[in-house]
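Trainee: Sequence plus the predicted model coming up.
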Amino acid sequence: MAGAEPVAYSLITFTDPNTGEPRTGLETGGQVLPLTDANLDLPGDGSITMQAVIEHWDKAEPQLDLLAEQSTTEQSSDAPSWLNSEELTVLAPLQPRQVLQAGANYRQHVIDLAVAHRDGGGTEEEIRARITATMDRRAEGTPYFFIGLPTAMASATEDLVLPSYSKTHDWELELAAVIGKRAFRVSPEEALDHVFGYTMVNDITTRELVFRKDMPAIGSDWFRAKNAPGFLPTGPLVLPAKFVEDPQDLMVTLRLNGETMQKESTADMIFTVAQLISHASQQMPLLPGDLILTGSPSGNGAHWGRMLRDGDVMEGTITGLGTQLVHCRDEVAP
């Protein structure tokens, strides 16, 4: 029908139930269509991966729009087979070359951190008032970035193995932007044009390893604190940017064993998604498929005085980005 709203869809990577191999699929309405060179014509060797879709989005987009539209109509006997999404094993949706993470990028989170560390001294009320007053000034400065490792990524449903060397593993649910085309020294006004879509990441952190007690002048040690296997549960899906009206109007919610620990709008970010991408691109080219984590809202374990334990279940949601369900278990010593 002319003028009808396009059918919204997301993209996932899943295990093919027949071959056991990773496959890329179009997901809409609880159905998944495996993408092949028979239903998606892209340049290259015919291998339909998430990376190929991102790099050739100009050609993939109209074809995917049509496939999503066909999902709502009666299919002929020779039409492509759609699968039930609930019966599939999802994988991390993409394999980025670079993972860039923004730290302390939510106002309430920064205030809570300052109170926890008694920054500058004073009562809790005095600290909160002082840090709140500095937020606008900080937004005129530069975001704090650090590098994550793609090898720490896991799917949205894999068990999180809690390393035995610490009992201070913490959660931090975050919105992540997926870069769609090379961005180098772009302005904030141009930045969102370089976003392919959005996904969800839980940035697990071992709190006691964040600061090097043996080298206090060096500062934070994000390599050891954040890059253990499985410390970046990602997905379950990538939602194309055209289906996200405003990335600064999404709700980030994490529940631990059914109890809400984090619940905040992305409107609380100090630096917007566009500003983060612009700032990051001033130092390094951002490449198609790269992940830009945008920081986590208040309500992590450090705030509650409660770290992750064996048997915990984390349920994470961000508006439109599906649900993560991660079970925690202690590492078994060899």
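Mentor: Okay, I see it.

Trainee: C-alpha from now on. contacts and neighbour counts both.
Mentor: Fine.

Trainee: Let me see the ranges of the strands in the stretch 51-200 of the chain.
Mentor: Under the criterion DSSP state E, counting those that start in this stretch, strands of the stretch 51-200 of the chain are mapped to 83-84, 99-103, 144-148, 153-154, 160-162, 169-170, 173-179, 195-202.

Trainee: Which one, of these, ends up nearest to V210?
Mentor: The closest approach between V210 and any of the strands of the stretch 51-200 of the chain, judged by CA to CA, belongs to strand 169-170 at 10.8 Å.

Trainee: So which elements touch the closest one?
Mentor: Under the contact definition 3 or more CA pairs under 8 Å, 6 or more residues apart in numbering; DSSP states H and E, strand 169-170 sits against strand 205-206.

Trainee: Which positions within the helix or strand just after the strand it packs on qualify as buried?
Mentor: Of the helices and strands lying after strand 205-206 in sequence (DSSP states H and E), the nearest is helix 222-226. Within helix 222-226, the residues that qualify as buried are 222, 224-226, counting by 16 or more other CA atoms under 10 Å.

Trainee: again with stretch 96-105
Mentor: Burial within stretch 96-105, assessed by neighbour count using 16+ other CA under 10 Å, is assigned to 96, 98-102, 104-105.

Trainee: Under the pLDDT cut-off, which ranges of the chain? List them.
Mentor: Judged by pLDDT under 70, the chain has its weakly predicted residues at 1-4, 74-80, 113-121, 133, 136, 334.

Trainee: And the helices in it, which stretches?
Mentor: Shown for the chain, the helices assigned by DSSP state H span residues 50-55, 57-70, 107-117, 124-139, 188-191, 222-226, 273-281, 301-304.

Trainee: Pick the most buried one from those.
Mentor: Among the helices of the chain, helix 273-281 has the highest mean neighbour count (mean count of other CA atoms under 10 Å), at a mean of 23.

Trainee: what does that helix contact?
Mentor: Contacting residues not belonging to helix 273-281 are listed as 102, 142-143, 145, 177, 183-192, 247-248, 286, 292, 294 [CA atoms under 8 Å, 6 or more residues apart in numbering].

Trainee: ok, of the residues you listed, which come out buried?
Mentor: When neighbours are counted using 16+ other CA under 10 Å, the contacts of helix 273-281 contain these buried positions: 102, 143, 145, 177, 183-188, 191-192, 247-248, 286, 292, 294.

Trainee: Go through the buried residues of helix 222-226 and say which is closest to N202.
Mentor: Comparing these against N202 with CA to CA places K226 closest, at 10.7 Å.

Trainee: Report how many residues lie close to the closest residue to the closest one other than its chain neighbours.
Mentor: Of all residues beyond its chain neighbours, the one nearest K226 is T205 (4.8 Å), with distances taken as CA to CA, 6 or more residues apart in numbering. In terms of burial, T205 registers 23 neighbours under the definition other CA atoms under 10 Å.
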